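Chemist: With the input below, show me the fold.
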Amino acid sequence: MYVNSGYLFHSRVPFKEKKKPLRILSAGTYQLYTRPLLPTWRPKGRVDWQIIYIAAGEGHFFFDGKEVIVPAGNMVLYQPKQQQKYHYLGKDRTQVWFVHFTGREVRSILRHSEIPLDGYILHTGISREYEDLFRRMRDELVKCSWGYEEMLVCLFRELLLTIHRRMTESIPRISGFIQDEMTRARYYFEEHYNEDISIEQYAASRSMSTSWFSRSFRSATGTSPMQYILQIRIRNAQTLLETTDDSISNIASIVGYDNPLYFSRLFSRAKGVSPTGYRKIYREKFLTEIDNG
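Modeler: Now for the predicted structure:
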């Protein structure tokens, strides 16, 4: 299973925004590789809104007690407190992008973009533009650069406009050579992050020197290639710690480390707490949030 996501204030606990018109809480992607099944069951839903984009494969969703298979090229919109029950099957190699958002004017913003609120499924079609916008929102949440919350709102509004436009027309995106190469590199790292990646070999495969590639990558992302891979591994490990009861040794192996002790040291250095401690703290906070409604 591959997971790569970002969270506002680096917190997984959702909340309802009552003052600001719109706030983006989280965004990211996940894809099934090794797991046969990935279920989600939220009987009381969440306090925020959610859009799920099926980029590949299909999802099995339950709306009003009936199962609906949602194939690639569609999005699912969940409103606050709507029951959420769905699952993905490993054999379908489903890839999903998601964004969670909240705010006192969300409903009017969606209506202004002509996003229907009387159903669940949006027939949006498949487009790389969607993935780029989800990815950029995730990156803003991860890097927290100056003005990132305003940028998140802009990117989300662009996503809504793109959804509306893509139903009727095709708009190509043009990028420069360097941006194209760095985007390609990020895609590769995100798909192969748990493998033994050699930056030298990757740069050579793209006919680039290691130093030139590393400088260009840092310029495009704000971090080195190896640090970027480490961040993906740590974020994926966080999600596994939060959502599974897998052992630390197994999680280490899933995210690319043969030595669980080495993985634990890296995790502790990055998050300031051990993997076991992180799991305990998260679950205590999550249960508290549920109890408080």
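
Chemist: And F63, how far from L89?
Modeler: From F63 over to L89 the distance is 18 Å, taken as CB to CB, to the nearest Å. C-betas here are computed from N, CA, C, even on glycine.

Chemist: do the same with S214
Modeler: 39 Å.

Chemist: name the element T29 belongs to?
Modeler: strand 23-31 (DSSP states H and E).

Chemist: Can you tell me what sits against that strand?
Modeler: 1-8, 12, 14-15, 17, 38, 48, 55-56, 93-103, 131, 134-135, 137-138, 141, 149, 152-153, 155-156, 190, 239 (CB atoms under 8 Å, 6 or more residues apart in numbering).

Chemist: Now the helix or strand just after that strand - C-alpha only, PDB.
Modeler: Note on strand 23-31: by DSSP H and E, the next helix or strand toward the C-terminus is strand 37-42. The C-alpha coordinates for strand 37-42 follow below in PDB (Å, rounded to 0.1, in the frame of the first residue of the first chain):
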ATOM      1  CA  LEU A  37      -8.700  -4.900   1.000                       C
ATOM      2  CA  LEU A  38      -8.800  -1.300   2.300                       C
ATOM      3  CA  PRO A  39     -12.100  -0.600   4.100                       C
ATOM      4  CA  THR A  40     -13.400   2.700   5.600                       C
ATOM      5  CA  TRP A  41     -16.400   2.700   8.000                       C
ATOM      6  CA  ARG A  42     -17.500   6.000   9.600                       C
END
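
Chemist: CA atoms of the following helix or strand past strand 37-42 as PDB?
Modeler: Toward the C-terminus, strand 37-42 is succeeded by strand 49-56 as the next helix or strand (DSSP H and E). Taking Å, rounded to 0.1, in the frame of the first residue of the first chain, the C-alpha atoms of strand 49-56 are listed here in PDB:
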ATOM      1  CA  TRP A  49     -16.200  17.800   3.900                       C
ATOM      2  CA  GLN A  50     -14.400  15.300   1.600                       C
ATOM      3  CA  ILE A  51     -13.800  14.900  -2.100                       C
ATOM      4  CA  ILE A  52     -12.400  11.500  -3.300                       C
ATOM      5  CA  TYR A  53     -11.100  11.300  -6.900                       C
ATOM      6  CA  ILE A  54     -10.800   7.700  -8.300                       C
ATOM      7  CA  ALA A  55      -7.800   8.100 -10.600                       C
ATOM      8  CA  ALA A  56      -7.400   4.400 -11.400                       C
END
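
Chemist: I'd like the mean pLDDT over strand 49-56, please.
Modeler: Over the span of strand 49-56, the pLDDT mean works out to 94.

Chemist: Adjacent strands (with direction) for it?
Modeler: strand 74-78 (antiparallel), strand 95-102 (antiparallel) (DSSP bridges).

Chemist: which residues are contacting the following helix or strand past the last one?
Modeler: What that stands for is strand 95-102. For strand 95-102, the following helix or strand on the C-terminal side (DSSP H and E) is helix 106-112. Here helix 106-112 makes contact (CB under 8 Å, 6+ apart) with 21-22, 49, 103, 117, 157, 160.

Chemist: quick check, nearest of the residues you listed to S219?
Modeler: R157 (26.8 Å; CB to CB).

Chemist: which element is the closest one on?
Modeler: helix 148-166.

Chemist: what about the closest residue to R46 other than its chain neighbours, how many residues close to it?
Modeler: Nearest-residue entry for R46: P14, 5.3 Å, with adjacent residues in sequence omitted and distances by CB to CB, 6 or more residues apart in numbering. Neighbourhood size, P14 [other CB atoms under 10 Å]: 19.

Chemist: again with T276
Modeler: 12.

Chemist: which one is it nearest to, not counting chain neighbours?
Modeler: Nearest non-adjacent residue to T276 (CB to CB, 6+ apart): I248, at 6.4 Å.

Chemist: quick one: contacts for that neighbour?
Modeler: 260, 263-264, 275-276.

Chemist: returning to what we had before: if any of the contacts of strand 23-31 are buried, put those into a PyMOL selection.
Modeler: Buried subset of these, written as a PyMOL selection, criterion 16 or more other CB atoms under 10 Å:
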select buried, resi 1+2+3+4+5+6+7+8+12+14+17+38+48+55+94+95+96+97+98+99+100+101+102+103+131+134+135+137+138+141+152+153+155+156+190+239
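
Chemist: what about D118, which SS state?
Modeler: coil (DSSP: H, G, I helix; E, B strand; the rest coil).

Chemist: Distance check, it against W212.
Modeler: Distance from D118 to W212, by CB to CB: 53 Å.

Chemist: Looking at these two now, which is surrounded by more residues?
Modeler: W212 (11 against 4).
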